[in-house]
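Q: Sharing a sequence plus its predicted fold:
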Amino acid sequence: MKRMVLGLLLTALLVFTGCLSAPATESTPEVDDVSSATPAGTGWMVELTGVRNDELWESDMMAWMDEHYVELSLEKKGETHLYGGILFSEAVAMVDDPDGSMPFTFQESLWREGYDITLTSTDGYSATFFTADVDPETMMLAVTQDGQPIPLQVAGDFSSKLWVQNLASVELSLAPVALEDNPFTLELAVNGIERSYTLKEMEQMDIYVEDKGTYTNSYGNSFTNVWGGVKLVPLLEQYMVLEPDSSLKIMAMDGYEMTFGGEMLLDQADGDWILAFKENGAYMPEDPGYIRLVKVGPKNPEISGHSSARMIKRIVTEGVPFKDFSLTLTQKDLTEVFDRQTMQSGVTTHKTRVAYYDRKSDSDIPYMGMPLWRVIERPTGYKAVELIAADGFKVTLDNAQVEGNDDVIVAMFTGKDDQLLSADEWPLRLVWDKDAALVPEGIKSVKNLVEIRLIY
């Protein structure tokens, strides 16, 4: 039974928020609570443990319900109600085999052969059942009862002891993957040369190191570990000369992408950038591994979370020099500055395409970026949005016509092949779809977008 690709997760844009009660400051926000790859979701979260580990977030489930919504009429304590949600097997499919790629496949044969699953609530209550005793088609994760929202709970045609409310974790008794025998390979595409390496092959390289390093997430939490992996710069320089303006795209196993500049990677004053696949002596699981970008050295270098891409699968050299930019968000006495990596993280997570009608060329031009309202998602109470170009040109839009409007985007890429904007549009451009359901009054295209101000 194939499972759908995860819907877009909402929290990558925590990167655009910061602490709204903070004093006036200029900062570079982090991408999410862990790294630039595979951002966390929003709402409640259920920890899943099995052959591999994963997390089911409320925002994931809401996205899944677009295609996998089910309703079951169930009796509990003599009363029958209609429950809505998704089948419990949707969550089990995420961790019942070693394949963490999507779409997930539910291993129904394993379920019917039988293994234990332990359900635990946020209050500590737990219940264990043997899967062969339960029909997977009659067990669900419910979020509504008779059409009314309820806290997440397990529901089904079985003992009420298994109706665990406020579910916090699901633990399968299936054996985890033997990571030391992991068949995973890292792929390099450098200057037209294709190479791939297993973890064991990289561990045997003379550029393999183990040392301490720290990354700090968007909540200010720091994670310090002894990481083991290969030095990135010497690995790349087997096939290229890494220059400050070199551009490298790092691609995650889930399709997430982030572009890094050579200048950052060549900065090794406090340590070495490595592709880490060991954490405190143990091979990392797929999430947050199998490979993560960190910086290590005797000085215990500390990097921001958005620099620590995880689940790395492929590294590709791009044919254009790396060029950074910044977008400033101003709201009352708080100023935030988003760099290129931050914006790319948001665009990748909330990827939106529009066909913009360009009057000058009398043609439809494809653009890709993220909805404007996503850029300014968390601040509240403002009445209008002012978008300002590098030359001072500005457009003011009523927030009531911007909020939730996915047809108005801040574009970072253009063309069918998603190229960065040209010099006359760089770095960002405000555009809207020619068939937009709602075109905000007074809107005009803003090239060279460099600042967004919220008007209260």
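A: That came through fine.

Q: residues touching residue 209, list them.
A: Neighbour list for residue 209: 228-231, 272, 274, 296 [criterion: CB atoms under 8 Å, 6 or more residues apart in numbering]. Any C-beta I mention is one placed from the backbone N, CA and C, and that applies to glycine too.

Q: Which of those ranks first by neighbour count?
A: Among the contacts of residue 209, residue 229 has the most neighbours (other CB atoms under 10 Å), with 30 neighbours.

Q: Flag the shaky bits of the stretch 201-350 of the chain, pLDDT-wise.
A: 218-219, 287 (pLDDT under 70).

Q: Would you map the helices across it?
A: Assigned by DSSP state H, counting those that start in this stretch, the helices in the stretch 201-350 of the chain fall at 232-236, 262-266, 340-349.

Q: Likewise for the stretch 51-200 of the chain?
A: Going by DSSP H, counting those that start in this stretch, the stretch 51-200 of the chain shows helices at 58-68, 88-92, 108-113, 199-203.

Q: elements contacting the first one?
A: Read it as helix 58-68. Under the contact criterion of 3 or more CB pairs under 8 Å, 6 or more residues apart in numbering; DSSP states H and E, helix 58-68 touches strand 79-87.

Q: what are the bridge partners for residue 338, then?
A: Note on residue 338: beta-bridge partners residue 327, judged by DSSP bridges.

Q: Would you mind confirming that it makes contact with residue 330?
A: No. Residue 338 is beyond contact range of residue 330, at 11.9 Å (criterion: CB atoms under 8 Å).

Q: More neighbours: which of these two?
A: A count of neighbours by other CB under 10 Å puts residue 338 above the other of residue 338 and residue 330, at 23 against 17.

Q: just to revisit the earlier point, out of the helices of the stretch 51-200 of the chain, nearest to residue 152?
A: Residue 152 lies closest, by CB to CB, to one member of the helices of the stretch 51-200 of the chain: helix 58-68, at 7.5 Å.

Q: can you give me the angle the closest one makes with strand 79-87?
A: Orientation check (axes from the mean of the first three to the mean of the last three CA atoms, to 10 degrees): helix 58-68 against strand 79-87 gives 100 degrees.

Q: Model confidence for the residue lying farthest from the centre of the chain, exactly?
A: Here the chain reaches farthest from its C-alpha mean at residue 78, the gap being 43.3 Å by CA atoms, centre = their mean. Looking at residue 78, its pLDDT is 84.

Q: and if you look at residue 8?
A: Looking at residue 8, its pLDDT reads 30.

Q: Residue 105 too?
A: Reported pLDDT at residue 105 in the predicted model: 89.

Q: residues contacting residue 232?
A: 265, 272-275, 293.

Q: now with 7 Å?
A: Residues in contact with residue 232, defined by CB atoms under 7 Å, 6 or more residues apart in numbering, are 265, 273-275.

Q: what domains does the record give for the chain?
A: With domains defined by automatic domain parsing, the chain comprises 51-172, 179-317, 351-455.

Q: Which one of these lies nearest to residue 326?
A: Closest to residue 326 of the domains of the chain, according to CB to CB: domain 351-455, at 7.3 Å.

Q: From start to finish, how long is the closest one in a straight line?
A: 26 Å (CA to CA, to the nearest Å).

Q: Now that domain: average pLDDT?
A: In this model, domain 351-455 has a mean pLDDT of 93.

Q: and it, how far out from the chain's middle?
A: Here domain 351-455 is found 22 Å from its chain centre; the criterion is CA atoms, centre = their mean, to the nearest Å.

Q: Near the residue lying closest to residue 188 once chain neighbours are set aside, how many residues? Count them for me, please.
A: Nearest residue to residue 188 in three dimensions, chain neighbours excluded: residue 195, at 4.5 Å (CB to CB, 6 or more residues apart in numbering). Neighbour count of residue 195, defined by other CB under 10 Å: 14.
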